[in-house]
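> Here is a sequence together with a model predicted from it:
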Amino acid sequence: MVSACTAAPTFRVPARCCHNLSVSINAPVNGQVSHWFDGLPRPRAPLPGSRDADVCIVGAGYTGLWTAYYLKRADPSLRIVVLEARFAGFGASGRNGGWLSGLVPGDRERMAEQYGHDRVVAWQRALNDTVDEVIDVAARESIDAGIVKGGTLEVARNPAQASRLAAAIDAERHWQVDGIEPLTADEARSRIRIDDVVAAYLNPHCARIQPARLVRGLAETVERLGVDIYERSPVTEISTGRATTGRGTVTAPVVLRATEGFTTGLPGLKRRWLPMNSSMIATDPIPAQLWHTIGWQGRQTLGDTAHGFFYAQRTVDDRIAIGGRSVPYRFGSRIDRDGRVPERTIAHLRATLHSLLPQVADVPIAHGWCGVLAVPRDWEATVDFDRTTGLGWAGGYVGHGVTATNLAARTLTDLVLDRSTPLTALPWVGHRCRGWEPEPLRWLGVRGMYLAYKAADWHESRGGPRTSPIAVVADKIAGRPH
């Protein structure tokens, strides 16, 4: 479960917000949501007072907007209201790494033990197909999200990472992911000239996107279909038949929660999902002559098999955006302030980028930001709808939500409309898990887990051929997928 030019910023901050920033001419813009927004969007009107609807959706991120889209397409007569605390895409949908990938938001082995191998294979295939579904909808609805389906290049940079990469290739094939292409170090560097690559593979089921363009285009699309979106209308309580805000109550027989990392702020849900933080930086635009030394012509997304992994893309405007989880959790499930990220995190991500691509060492960092994603206690996402109460929800995508939100929305649509389909038989439908431990246990646990991963990565960098036992123990304690 996360930019502006330094010399001539393209990220335009309204004058009323400038007192919140501390930015010098040579420092990256920090916070103000993310690089993906080239200015804070003009907010839509808030809820004007109490009203009724057929369906009320809480949250105007990918999950909420995709659900509104498919419900309205399935039944144009439905009166659908979407309530959003800030603006569409304010959360993870407008801050993520822009990987439209078939990554499963959970542990396939563990889900297979509970629900059967064939159902998990169907889930994986559905996610892979959903990559193309999003691309097709964006084309049909004229949403320019900067989509390039170049696949994901996963790299290993030491022997232990290479052993995990080999295991990952075997796992993808076991789960019938087609098109996986193992690469030698030279073959990987012919695509992106990364320093110290040992091995790699290319997974074709991924596209690079510009996240904010997708979420804003989707919001405009559902409005054209007749969906009402009310921003600046934070929901304070969800109960059977209603969603309550400070501006009024929306009464509806169906109320769907699509609040992901912000779920912790709702009554009774403090420990349902952990709000995990992920941070990113983006460089200044990189000159064409420097791109010739880097490669990356296929616009693949880029990741590695380290425990403290990174994720990156070549952006629409020819920057490099790279992310990781330097400060993964704040005590008491506190949420970040409009994307502000510690300067040490920016320095950490800059160092990671420069270790991968020393060619860009002199390119300034333009922007740093962070976002929050949701992690269930068992690291498994869920989609559910209770026909008795009319309450439904989807989320807990553990950082793999850009594609999964679309699949979840189509599944929610089938559940709400009482349609029995292959989607409603997928293993995440109705999945439940226990809540997270109370504080300070969850803060100590998450902090300890990531300190262990940092130590494990250092240990593996010394050249050992196997995964560090420190990481193995941390995975078992945290219940994290391997």
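Perfect, thanks for sending it.
> How about Ala199: which residues does it bridge to?
Ala199 forms beta bridges with Ala156, Thr184, as assigned by DSSP bridges.
> Could you list the low-pLDDT ranges of the stretch 151-300 of the chain?
Residues of the stretch 151-300 of the chain that meet the criterion pLDDT under 70 are absent altogether.
> in it, which spans are strands?
Under the criterion DSSP state E, counting those that start in this stretch, the stretch 151-300 of the chain carries strands at the ranges 152-156, 181-184, 199-203, 206-208, 228-230, 235-239, 242-245, 248-251, 254-257, 274-283.
> what lines up beside the last one in the sheet?
Sheet neighbours of strand 274-283, with direction, are listed as strand 320-324 (antiparallel), strand 365-375 (antiparallel) (DSSP bridges).
> Run through who's touching whichever helix or strand comes after the last one.
Spelled out, it's strand 365-375. Stepping forward along the backbone from strand 365-375, the first helix or strand reached (DSSP states H and E) is strand 382-386. The list of residues contacting strand 382-386 from outside it, by Cβ atoms under 8 Å, 6 or more residues apart in numbering, reads 256, 376, 391-396, 408, 411-412, 415-416, 426, 428-433. C-beta: built from backbone N, CA, C; applies to glycine.
> Just the buried subset of those residues, please.
Neighbour-count burial (16 or more other Cβ atoms under 10 Å) applied to the contacts of strand 382-386 gives 256, 376, 391-396, 408, 411-412, 415-416, 426, 428-429, 431.
> ok so, going back, okay, the strands paired with strand 274-283, which one's buried deepest?
The highest average neighbour count among the strands paired with strand 274-283, using mean count of other Cβ atoms under 10 Å, belongs to strand 365-375 at a mean of 27.
> Now do that one, average pLDDT.
Averaging pLDDT along strand 365-375 gives 94.
> so how far is it from its chain's centroid?
Once both centres are worked out by Cα atoms, centre = their mean, to the nearest Å, strand 365-375 turns out to sit 10 Å from its chain's centre.
> May I have the distance across stretch 255-270, first residue to last?
Distance between the boundary residues of stretch 255-270 (Cα to Cα, to the nearest Å) amounts to 19 Å.
> residues of that stretch that come out buried?
By neighbour count, and taking 16+ other Cβ under 10 Å as the criterion, the buried residues in stretch 255-270 are 255-266, 269-270.
> any idea how far Arg193 lies from Leu356?
Taking Cβ to Cβ, to the nearest Å as the measure, Arg193 and Leu356 are separated by 10 Å.
> Give me the more crowded residue out of those two.
Higher neighbour count among Arg193 and Leu356: Leu356, with 23 against 17, using other Cβ atoms under 10 Å.
> Quick check: pLDDT value at the more buried one.
Per-residue confidence (pLDDT) for Leu356: 96.
> correct me, but it touches Ile194?
Yes - at 5.3 Å, Leu356 and Ile194 qualify as touching, with contact defined as Cβ atoms under 8 Å.
> chain center to stretch 108-124, what's the gap?
In terms of Cα atoms, centre = their mean, the gap separating the centre of stretch 108-124 from the centre of its chain is 22 Å.
> Stretch 61-74 now?
Stretch 61-74 has its average C-alpha position 18 Å from the chain's average C-alpha position, going by Cα atoms, centre = their mean.
> Give me the spatial nearest neighbour of His354, chain neighbours excluded.
Computed as Cβ to Cβ, 6 or more residues apart in numbering, the closest residue to His354 that is not its neighbour in sequence is Ala361, at 5.0 Å.
> That neighbour: neighbour count?
Ala361 has 10 neighbouring residues, counting by other Cβ under 10 Å.
> And it, its phi and psi?
Ala361 adopts backbone torsions of phi -60, psi -30, taken as degrees, to the nearest 10.
> Read off the pLDDT value for it.
In this model, Ala361 is scored at 97, pLDDT.
> Next one: it relative to Gly49, how far apart?
Separation of Ala361 from Gly49 (Cβ to Cβ) stands at 56 Å.
> What of Pro41?
24 Å.
> Between those two, point out the one with more neighbours.
Taking other Cβ under 10 Å, Pro41 and Gly49 do not tie; Pro41 has more neighbours (18 against 9).
> Report pLDDT for the closest residue to the more buried one other than its chain neighbours.
Counting by Cβ to Cβ, 6+ apart, the nearest residue to Pro41 once its immediate chain neighbours are dropped is Phe87, at 5.4 Å. With respect to pLDDT, Phe87 scores 96.
> How many neighbouring residues does Phe87 have?
For Phe87, which is what you asked about, the neighbour count (other Cβ under 10 Å) is 22.
> surely Arg257 meets Gly61?
No - the pair Arg257 / Gly61 is not scored as a contact, 11.5 Å apart, by Cβ under 8 Å.
> Would you state the helices of the stretch 201-350 of the chain in chain order?
According to DSSP state H, counting those that start in this stretch, the stretch 201-350 of the chain carries its helices in the segments 211-224, 288-294, 343-356.
> The first one packs against which elements?
The one in question is helix 211-224. In terms of contacts (3 or more Cβ pairs under 8 Å, 6 or more residues apart in numbering; DSSP states H and E), helix 211-224 is packed against helix 62-74, helix 117-140, strand 228-230.
> give me that answer again for 7 Å
If you count contacts as 3 or more Cβ pairs under 7 Å, 6 or more residues apart in numbering; DSSP states H and E, helix 211-224 packs onto helix 62-74.
> Stretch 382-399 spans what distance, first to last residue?
As for stretch 382-399, its first-to-last residue distance stands at 13 Å under the measure Cα to Cα.
> I'd like the numbering to begin with 819 instead of 1 from here.
Understood, numbering begins at 819; the last thing we discussed is stretch 1200-1217.
> sorry, back to before: which among the strands of the stretch 969-1118 of the chain is found nearest to Glu951?
strand 1024-1026 (11.4 Å; Cβ to Cβ).
> gap between the closest one and the chain center?
Taking mean C-alpha positions (Cα atoms, centre = their mean), strand 1024-1026 and its chain are 13 Å apart.
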